[in-house]
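Trainee: build me a structure from this.
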Amino acid sequence: MKTDLLRKLTFKNLRRSSAAHRLAEEQLYQAALAELDTLGMRGGLWAKALAAVAGDEQKARGLYLKYRVQSMIDEAEVTAGFIEDSVKNAEKHSASNSTSSKSTNRDLVTGTKDDGPSALSSERAFYYLVLIVIALIVMAGMVSAGS
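Mentor: Have a look, this model is predicted:
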């Protein structure tokens, strides 16, 4: 009985995750198309797409969009990695400083402890990254709507 419930919950989470992935991918394709229509193509990706379809420009345009979406995903992944590494380094630095120093900084207005930039958790950093990506997608949509 427990295993059936666990299996159902896992499948439900997987389904939701897949749906969220498809919706995010759709937004990325929309942003890539808007970018293509307004800003033009990235030379390296266009050359890769043309080479893959033996110079057929119509097919290359579709393949370019696929490559550009993957490029956006890769850029977000690399950025997330940099943020995660920075957060880990800040947490290490904070941990080593907190063991050597007994003083605490308090906000004069709220009276709460201020741990500085190292207080940013990995989850919060990822949340901020998601917000940045969403903002970029929205801006790309506004650019395409304006043209």
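
Trainee: going forward, measure contacts between C-alpha atoms and count neighbours the same way
Mentor: OK.

Trainee: contacting residues for residue 28?
Mentor: Residue 28 is in contact with 69, 72, 137, counting by CA atoms under 8 Å, 6 or more residues apart in numbering.

Trainee: the helix or strand containing the first one - contacts with which helices or strands?
Mentor: With the criterion set as DSSP states H and E, the secondary-structure element containing residue 69 is helix 57-100. Counting contacts by 3 or more CA pairs under 8 Å, 6 or more residues apart in numbering; DSSP states H and E, helix 57-100 packs against helix 2-38, helix 43-52, helix 122-146.

Trainee: follow-up on the earlier one: reformat the contacts of residue 28 as JSON lines; add distance to residue 83, neighbour count and pLDDT.
Mentor: Converted to JSON lines, the contacts of residue 28 look like this (distance: CA to CA, whole Å; neighbours: other CA atoms under 10 Å; pLDDT from 0 to 100):
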{"residue": "69", "distance to residue 83": "21", "neighbour count": "21", "pLDDT": "92"}
{"residue": "72", "distance to residue 83": "16", "neighbour count": "16", "pLDDT": "89"}
{"residue": "137", "distance to residue 83": "20", "neighbour count": "21", "pLDDT": "72"}
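
Trainee: now, among those residues, which is nearest to residue 30?
Mentor: Nearest to residue 30 among the contacts of residue 28 is residue 137, at 8.1 Å by CA to CA.

Trainee: residue 27 is in contact with that closest one, correct?
Mentor: Yes. Using CA atoms under 8 Å, residue 137 and residue 27 qualify as a contacting pair, with a distance of 6.8 Å.

Trainee: can you verify residue 40 is assigned to a strand?
Mentor: No. Secondary structure of residue 40 (DSSP: H, G, I helix; E, B strand; the rest coil): coil, not part of a strand.

Trainee: re the thing from before, any idea which of the helices and strands packed on helix 57-100 scores lowest on pLDDT?
Mentor: Across the helices and strands packed on helix 57-100, helix 122-146 has the smallest mean pLDDT, namely a mean of 67.
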